[in-house]
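> next comes the sequence, and after it the predicted model I'd like to discuss.
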Amino acid sequence: MAPAKINVNKADIISGAPADGGMPLDVMGLFFFAYRDFVGDADAMLERQGFGRAHHRVLYFVNLKPGMPVADLLDILKITKQSLARVLRQLIDNGYVEQKTGDADRRQRLLYATAKGRDLFETLSATQTSRIAAAIAALPPEGKRTILKFFVGMVEPGDRDLLDRLKLTGELE
């Protein structure tokens, strides 16, 4: 589905306040800065390893769901097989991820983080976890639940069952 076209005038952009409930530039700007800072430390660590954000995403999901089939990872990341193959090959060749064949279906490729991959994931996640925990601690008691609802609302409706399968919406139930 294509995003709706939004008519915004110069005054709206300057003030950041949508005149007609249109573009929430203040939220968009804060989202940009929060994301920039959220990934910044991890990006620097990944760069030293010769990796990028795609490697981080793969490590995240492989650590979240050990034994995840490659096909599921493709669905989650919404990238091509070719893009995933390059990233996965680097992670496997460098000893961060291992790939095993499925027991029931020998064509299935299951992904597991190695000890080295779990260590890198924990290191990458440490600053991000601290940043999130500090921001949530400063909120009123219902704040975390509100944030989770906001992020679920940002996800395409067709992918919401995937969030449930990955157990990312547990506190909303």
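Yes, it's here. Numbers count the residues shown, from 1 in each chain.
> closest to the centroid, which residue in this structure?
residue 57 (6.1 Å; CA atoms, centre = their mean).
> how far out from the middle of the chain is the strand or helix carrying that residue?
Element membership of residue 57 [criterion: DSSP states H and E] is helix 53-64. Distance of helix 53-64 from the chain centroid (CA atoms, centre = their mean, to the nearest Å) equals 8 Å.
> and that helix, what's buried?
By neighbour count with 16 or more other CB atoms under 10 Å, helix 53-64 contains the buried residues 54, 55, 56, 57, 58, 59, 60, 61, 62, 63. All C-beta atoms are positioned from the backbone trio N, CA, C, and that covers glycine.
> got it, and stretch 95-106?
For stretch 95-106, the neighbour count (16+ other CB under 10 Å) marks 96, 97 as buried.
> output it as CSV, nothing but the C-alphas.
C-alpha atoms of stretch 95-106 as CSV (Å, rounded to 0.1, in the frame of the first residue of the first chain):
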residue,chain,number,x,y,z
GLY,A,95,32.3,-17.5,13.3
TYR,A,96,29.3,-15.5,14.6
VAL,A,97,26.5,-17.7,13.2
GLU,A,98,26.2,-21.3,12.3
GLN,A,99,23.8,-22.9,9.9
LYS,A,100,22.4,-26.4,10.3
THR,A,101,20.1,-28.5,8.2
GLY,A,102,16.6,-29.2,9.6
ASP,A,103,15.8,-32.6,11.0
ALA,A,104,12.4,-33.0,9.3
ASP,A,105,13.3,-31.2,6.1
ARG,A,106,17.0,-31.5,5.0
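> contacts for it?
By CB atoms under 8 Å, 6 or more residues apart in numbering, the list of residues contacting stretch 95-106 from outside reads 58-59, 62, 67, 69-70, 88, 91-92, 107-114, 116-117, 120.
> and if you look at stretch 139-150?
Identification of contacts with stretch 139-150 by CB under 8 Å, 6+ apart yields 136, 169, 171, 172.
> restricted to buried residues, select the residues you listed in ChimeraX.
Here is the ChimeraX command that picks out the buried ones among those, judged by 16+ other CB under 10 Å:
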select :169
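> pLDDT check: weakest of the contacts of stretch 139-150?
In this model, the minimum pLDDT among those belongs to residue 171 (73).
> about what we covered before: give the rounded mean pLDDT of the following helix or strand past the helix holding residue 57.
For helix 53-64, the succeeding helix or strand toward the C-terminus, using DSSP H and E, is strand 68-69. Mean pLDDT, strand 68-69: 95.
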